[in-house]
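# based on what follows, work out the 3D shape:
(chains A and B)
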Amino acid sequence: MKHVRDIMERFGIPEEVFKRLAAIEAQDTVFVGTPEVMKFTAVRPMRCGIRLCRLFPYSVKPTSFAMQVLGRHATRNIIDLSDEQTRSIINGNELRVEAEADNGFVLLRWHEFVIGVGLYRKPVLKSQIPRFRSVEEPGSD
Amino acid sequence: MSGLGRRFPAAFIDRYSRLMPDFDAFLEAMQRPLRRTFRVNTLKTSRARALELLADLEPEPLPWCDVGFVLDRGEGVGLRIEHFIGLIYVQEAASMIPPLVLEPRPGERVLDLAAAPGSKTTQMAAMMENQGLVIANDQSAGRVRGLIGNVDRAGCLNTVVCRMDGGVLARAVAGSCDRVLVDAPCSSEGTIRKSAEALDRWSPDASRKFAGLQKRLILAGYEALRPGGVMVYSTCTMAPAENEAVVADLLRRRPDALVREAGLPGLKMRPGLTSWDGEDLPEAVGRCRRVLPQDNDTEPFFVTLIQRPGHEAR
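Got it, this is the predicted structure:
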């Protein structure tokens, strides 16, 4: 699928990662999961696997949840963050960083873990991670 | 005892003083707050790496679950980055038991009939190493949203989420599932340890509200099994009407169902009751298992392993 290839290309994710997975496109979203998930037709599920990306007229936006699992093998367009930067960006703050990454969607990495997707316009980095909950920042209760 | 009597309704004391072994120890354990526990999500990290990152919290391993840990200083663990990105899942210790007894394996087809909020779904997806298929269902729209959120956060690529009547879903997948989990909606007596309101809501009649649904779900789950497949029926309540009586009802409707003895090394479990409300229950019901709060310092739990005759499980 073209959108999967686009994401692999953007982040340098090896083909091997998607080899045992399948993807389907439904409306403006691509879902990724095991072949068994995608072949399940006994009933109509609300959700199959994880959202891989949202499709917009001029761009493909990878999701943070999919990248947390599949992005661990990525080799480019990754920005490494300190503990403090990680807490700050998860809580919705913009960062200013100089990084070796192209403008556009990037993977945000804390230690060896991809925490989600960011939008980079040098030097401004904005979080694209869903803010369904926050994390503790130094000094907070 | 008078202090305890003031806190627990008389009908509660009356019922469980007759049913519960070591009643004083039971009552004392029920008054202690629950310890905070979590499970390492092996879909995202290893046990060793999670322990390294959380070393400041000094997690203590649970004896019966190699990825389960207790925190004595667990406040704020839900606000940690490790939790936010799904490296760990805050989950009550007893709630980790049903998937461990069910033992789902990579590549299998597993049905989780009452799945929300997803603790056990995500635990099973991890045990299956993100392979095969977990069909996670819940009938409530609100609860399904939480389930999807947890499936996303845990990174479960092998899971479909459905929102439908459990009986209808089980008929649609009849005879095809290697394993089925029926962690049934219940009167939740087990939550008394973490919520004073749960005790305020307690009523000796609460079980009546759930027993009908539980009997439908256990039967539906059984019909979904392939020959030789196994099912776990579990609740977080102690009421026999929601536990042994439900299993007895399945055995009456499906006399071929086999109750297997469940056991986990390091976890003390007690046999199911073989009589209740003046009635003798089938002998096989004695192979059900009760997890009591005074034995393992957990919520009380009930768990039963049932097999459909036929080929052995894969």
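
# from now on I want contacts and neighbour counts done on CA atoms only, so please keep to that.
Fine.

# buried residues in stretch B:288-295?
Judged by neighbour count (16 or more other Cα atoms under 10 Å in any protein chain shown), stretch B:288-295 contains these buried residues: B:Cys288, B:Arg289, B:Arg290, B:Val291, B:Leu292, B:Pro293, B:Gln294, B:Asp295.

# assign a three-state SS to the last one, would you?
Spelled out, that is B:Asp295. helix (DSSP: H, G, I helix; E, B strand; the rest coil).

# what residues are up against it?
Counting by Cα atoms under 8 Å, 6 or more residues apart in numbering or on different chains, B:Asp295 touches B:Lys268, B:Met269.

# if you set the cut-off to 10 Å instead, what comes out?
B:Asp22, B:Ala25, B:Phe26, B:Ala29, B:Leu267, B:Lys268, B:Met269, B:Arg270 (Cα atoms under 10 Å, 6 or more residues apart in numbering or on different chains).

# what about these, which are in helices?
In helices, defined here by DSSP state H, the members of these are B:Ala25, B:Phe26, B:Ala29.

# show the pLDDT at the first one.
The per-residue pLDDT reported for B:Ala25 equals 95.

# how near is B:Val67 to chain A?
Counting by Cα to the nearest Cα, to the nearest Å, the gap from B:Val67 to chain A is 19 Å.

# kindly state the domain boundaries assigned to chain A.
A:1-75, A:77-129 (automatic domain parsing).

# now stretch B:151-168: buried residues?
B:151-164, B:166-167.

# quick check: end-to-end length of that stretch?
With Cα to Cα, to the nearest Å as the measure, the ends of stretch B:151-168 fall 23 Å from one another.

# can it be found next to chain A?
Yes. Stretch B:151-168 lies within reach of chain A by Cα under 10 Å from any Cα of the partner chain, at B:151-164, B:168.

# where along the stretch 201-314 of chain B do the helices fall?
Assigned by DSSP state H, counting those that start in this stretch, the stretch 201-314 of chain B shows helices spanning B:206-224, B:244-253, B:293-296.

# now the shortest one - C-alpha only, PDB.
Spelled out, it's helix B:293-296. The C-alpha coordinates for helix B:293-296 follow below in PDB (Å, rounded to 0.1, in the frame of the first residue of the first chain):
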ATOM      1  CA  PRO B 293      -7.800 -11.300  50.100                       C
ATOM      2  CA  GLN B 294      -6.100 -12.700  53.200                       C
ATOM      3  CA  ASP B 295      -4.100 -15.300  51.200                       C
ATOM      4  CA  ASN B 296      -2.300 -13.100  48.700                       C
END
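
# average pLDDT for it?
So the average pLDDT for helix B:293-296 ends up being 96.

# output the domains of chain A in TSV; the columns should cover mean pLDDT.
TSV is the format used below for the domains of chain A (pLDDT from 0 to 100):
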stretch	mean pLDDT
domain A:1-75	95
domain A:77-129	96
